[in-house]
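**Student:** Generate a structure from the sequence data that follows.
(chains A and B)
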Amino acid sequence: MPDGRVAEWMLSLVQPRQHAAALVGDLLEQARGRGAIWFSLTVLRTMAAFLVRSVDCSALPIATAATFSWLIYIPVTMIANLLLTAVVTLVWGVAYSLTHARTMQQLTLDILLMRFSWPSMPPIAEGTALFVLAVWGPFTVGRHVARASAGRELLAGMVAAVVWPVLALAVPYLGRPMKAGTWAVPLLGFAVLAGAVSERRAALAIRLPDIS
Amino acid sequence: MAYPPVPAALGEFEQVVVLAILRLGDEAYGVTIRAEIEERTERAPAPGALYTTLDRLEAKGLVRSRFADPRLERGGRVKRYFKVTPAGVHAVARAQRAFTRLLDGLVLPGVTHA
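**Tutor:** From the prediction side, this is the model:
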């Protein structure tokens, strides 16, 4: 017989936890003689039914929240991108100058005149910037989208995860982080969805079951 | 003069679910409701459809639920028992009266009324 803890965790993303537990109990009762495949498929179908019902109830507010959050994300990431680039560049440049300057006088002059001659940023710095903009940023916004759609966090996240990549493709230079190729577009969606799931879990104060 | 609130309109499947809960009395929870519907209507509702309908009926105030009776065969999980509220009884009676009025005097070709 299936264990049901994973099913309970999944259904608690679309239902209050106690309702999800009772629902899984019902499905476990009915799964006897039908098997684990029936149970797993029924859990997925039931989850889909709740999601579809949520869309029916509140598609417009959730789509509005998702689009609005994307519009907020653009200026935030542009500013963050500039700040991050400036900080990383300055730290990297000063460190380079400190280790390569011939005299203190030359170093002081270089810093005052912002006259650095450092090599391009190391890949790890660019990778960090990309992570912040393509993963951390959308993840955080995903949490806020979910928070604005209390009770329907997962659905809001799913809508945002679809809306964002579509908008990102429609507006290439604004819709995705600088230096990120088209490959980063689905990443935005996943990050938004992960943020929404995280918020949903926090809202319900549930933990991933121990399935070992 | 205060008028009584108009009961919420019920869809066909909602009526089926409310009637099944009324038939089961104190034993109405997901499994028994589904079995009752299957037995009486000869069609098994999808669990997703049943549970979303139960939630919708509860949101409309036509049924209410309580949690009780955890069992080993359910992995220790409680059952969610449903009960029809007076508003639910009123709504289903109103819907049934509407059907009866529509059928009254109507002869359906090839169908014999009980």
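
**Student:** Only C-alpha atoms from now on, for both contacts and neighbour counts.
**Tutor:** Noted.

**Student:** Let me see the mean pLDDT of the helix or strand that A:T108 is a member of.
**Tutor:** Taking DSSP states H and E as the definition, A:T108 sits inside helix A:104-112. For helix A:104-112, the mean pLDDT works out to 72.

**Student:** Over to stretch B:85-94?
**Tutor:** The model assigns stretch B:85-94 a mean pLDDT of 94.

**Student:** List the buried residues in that stretch.
**Tutor:** B:T85, B:A87, B:G88, B:V89, B:H90, B:A91, B:V92, B:R94 (16 or more other Cα atoms under 10 Å in any protein chain shown).

**Student:** Over to stretch B:17-32?
**Tutor:** Within stretch B:17-32, the residues that count as buried by 16+ other Cα under 10 Å are B:V17, B:V18, B:L19, B:A20, B:I21, B:L22, B:A28, B:Y29, B:G30, B:V31, B:T32.

**Student:** So which of those belong to helices?
**Tutor:** Of the positions in the buried residues of stretch B:17-32, B:V17, B:V18, B:L19, B:A20, B:I21, B:L22, B:G30, B:V31, B:T32 sit in helices, assigned by DSSP state H.

**Student:** Let's have the residues you listed in CSV, adding distance to A:L27 and pLDDT.
**Tutor:** What follows is those, written out as CSV (distance: Cα to Cα, whole Å; pLDDT from 0 to 100):
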residue, distance to A:L27, pLDDT
B:V17, 18, 97
B:V18, 21, 96
B:L19, 22, 96
B:A20, 19, 97
B:I21, 18, 97
B:L22, 22, 96
B:G30, 9, 95
B:V31, 8, 95
B:T32, 12, 96
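
**Student:** Including distance to A:A168, could these go into JSON lines?
**Tutor:** Formatted as JSON lines, those follow (distance: Cα to Cα, whole Å):
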{"residue": "B:V17", "distance to A:A168": "45"}
{"residue": "B:V18", "distance to A:A168": "47"}
{"residue": "B:L19", "distance to A:A168": "50"}
{"residue": "B:A20", "distance to A:A168": "49"}
{"residue": "B:I21", "distance to A:A168": "49"}
{"residue": "B:L22", "distance to A:A168": "52"}
{"residue": "B:G30", "distance to A:A168": "44"}
{"residue": "B:V31", "distance to A:A168": "46"}
{"residue": "B:T32", "distance to A:A168": "49"}
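
**Student:** Keep only those of the residues you listed that are also close to chain A.
**Tutor:** Checking these against chain A by Cα under 8 Å from any Cα of the partner chain, the ones in range are B:G30, B:V31.

**Student:** Nearest to B:G105 among the ones in helices among the buried residues of stretch B:17-32?
**Tutor:** Of all these, B:G105 sits closest to B:L19, with 24.7 Å by Cα to Cα.

**Student:** Okay, now the unreliable bits of the chain?
**Tutor:** No chain in the question, so chain A it is. Scanning chain A for pLDDT under 70 picks out A:1, A:56-58, A:101-102, A:111, A:114-122, A:151, A:171-183, A:204-212.

**Student:** if you could check chain B rather than the one you did, that'd help
**Tutor:** Residues of chain B that meet the criterion pLDDT under 70 lie in B:1-7, B:112-114.

**Student:** got the residue ranges for the strands in it?
**Tutor:** Ranges of strands in chain B, per DSSP state E, are B:63-71, B:77-84.

**Student:** what about those strands, which gets the closest to chain A?
**Tutor:** Nearest to chain A among these is strand B:77-84; the distance by Cα to the nearest Cα comes to 5.2 Å.

**Student:** Fine by me, we can end here.
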